[in-house]
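A.B. asks: pasting a predicted model and its sequence here:
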Amino acid sequence: MINSERLQKLLTEMIDIYSPSGKETELTDFLQLYMKEHNLSYEFQEVENERGNIIVMPESGECDTIFVGHIDTVPAFDYENYESDIYENEIYGLGAVDMKGGCAAMIESFLSFQENNKKDFTAGLALVVGEEESGDGAYALSKDYSFRWAVIGEPTNLQPCYGHFGYVEIALAAYGQKVHASLSKPDKNAVKKMMDYLNIIINYIEKDVSDIIYNIRDLSSSQAGFATPDRCEAYLDLHLPTRYPIGVLTAEIEDLIFRNFKNNEVNYSLETIHHGFELTEKGMLPQLIKQVFEKHKFEYKPFFFKSDSDAPILWQSGIKPIILGPGDISYAHTKEEYINFNEVEKAAETYLSIMNEL
């Protein structure tokens, strides 16, 4: 059994420590002290400039399965109101669902395993940094450690995801000519070019590859005053089902762009590429997870994880990742972010059961 009171206290304390990507040190310091207080042995893996991952391993130093959670968050929407707040069974605050809820559940499952078993850990635990930016924590983990399987606690409403969409982040820029606003012409306006630029790509996606999920963000232009802006920038996120070869798709988009624009009018660069994957449900860990769900009489409805995460980084290093965590991802990265504590408890029990069955 897990300690629910201890789990809730840990989660709220983690939320109360501000830890955006690149600034996780205060939280890693807290977690190291927490583990020392609870006699949980760990290793600190430095990633960059005293930032690092916290790793819990069996005494043997080896295991086939690693539980992985990222402790960083996106930046706060409101620096005065990012801390935890509890309303009935709901815990609000920055990172509650993405993914301090999953991290707290994993830590509690290891503490409970240690208290309830005389044997060594059957799996490892990695609390990593940097997921919301470059994924440098996951890269460091996969470089220095070797595992067959990973359970990643991203929010999935506690349903297992054995497949993961691919992800492409595209940086776009359009260029124009700065002239007085009263003399503006559409073909010289960088914002108008960016609108045309985006419409060409979106029309292609919606017509030819309609099940790809796209998101336009961070659209901005140069500060022109009462004049035509000479530069406009935007980012385009693409989340792709595994059947789409990323190289072929991006080549088609690039060809489409330069059939409509000159090289000096636009710029197109691929900032992030994460290939998707799909695991068979007949593998050792998927079968074990299914048995755990049946034992607890939990609803079992596996699906594809459509967001980006550290999973493709681990996959590319030879680790087979399964995404399984508490919370609804639709509340992540929002001002109303929250997680139902009952599901955090359920996650901790599930992780503990998985370790007991390994």
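C.D. replies: Yes, it's here.
A.B. asks: in terms of helices and strands, where is residue 200?
C.D. replies: Using DSSP states H and E, residue 200 falls within helix 190-208.
A.B. asks: now the angle from the helix or strand just after that helix to helix 190-208?
C.D. replies: Per DSSP H and E, the first helix or strand lying C-terminal to helix 190-208 is strand 213-221. Interaxial angle, strand 213-221 versus helix 190-208 (axes from the mean of the first three to the mean of the last three C-alpha atoms, to 10 degrees): 170 degrees.
A.B. asks: for strand 213-221, packing partners?
C.D. replies: For strand 213-221, the elements it packs on are helix 190-208, strand 231-240, judged by 3 or more C-beta pairs under 8 Å, 6 or more residues apart in numbering; DSSP states H and E. In this view, the C-beta of every residue, glycine as well, is placed from N, C-alpha and C.
A.B. asks: mind doing that once more with 6 Å?
C.D. replies: With contacts taken as 3 or more C-beta pairs under 6 Å, 6 or more residues apart in numbering; DSSP states H and E, strand 213-221 sits against strand 231-240.
A.B. asks: helices and strands around the strand it packs on, which ones?
C.D. replies: strand 166-175, helix 190-208, strand 213-221.
A.B. asks: now those as TSV including distance to residue 93?
C.D. replies: Conversion of the helices and strands packed on strand 231-240 to TSV gives the following (distance: least, C-beta to C-beta, whole Å):
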stretch	distance to residue 93
strand 166-175	26
helix 190-208	34
strand 213-221	23
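A.B. asks: in JSON lines, list those along with mean neighbour count.
C.D. replies: What follows is those, written out as JSON lines (neighbours: other C-beta atoms under 10 Å):
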{"stretch": "strand 166-175", "mean neighbour count": "20"}
{"stretch": "helix 190-208", "mean neighbour count": "17"}
{"stretch": "strand 213-221", "mean neighbour count": "13"}
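A.B. asks: of those, which is nearest residue 89?
C.D. replies: Closest to residue 89 of the helices and strands packed on strand 231-240 is strand 213-221 (C-beta to C-beta; 30.6 Å).
A.B. asks: what strands flank that closest one, and is each parallel or antiparallel?
C.D. replies: strand 231-240 (antiparallel) (DSSP bridges).
A.B. asks: pLDDT on the partner strand, on average?
C.D. replies: Averaging pLDDT along strand 231-240 yields 96.
A.B. asks: any idea of the angle it forms with strand 166-175?
C.D. replies: 160 degrees.
A.B. asks: tell me the helices and strands packed up against the helix or strand just after strand 231-240.
C.D. replies: Moving toward the C-terminus from strand 231-240, the next helix or strand (DSSP H and E) is helix 246-260. If contacts are counted by 3+ C-beta pairs under 6 Å, 6+ apart, helix 246-260 sits against helix 190-208, strand 266-274.
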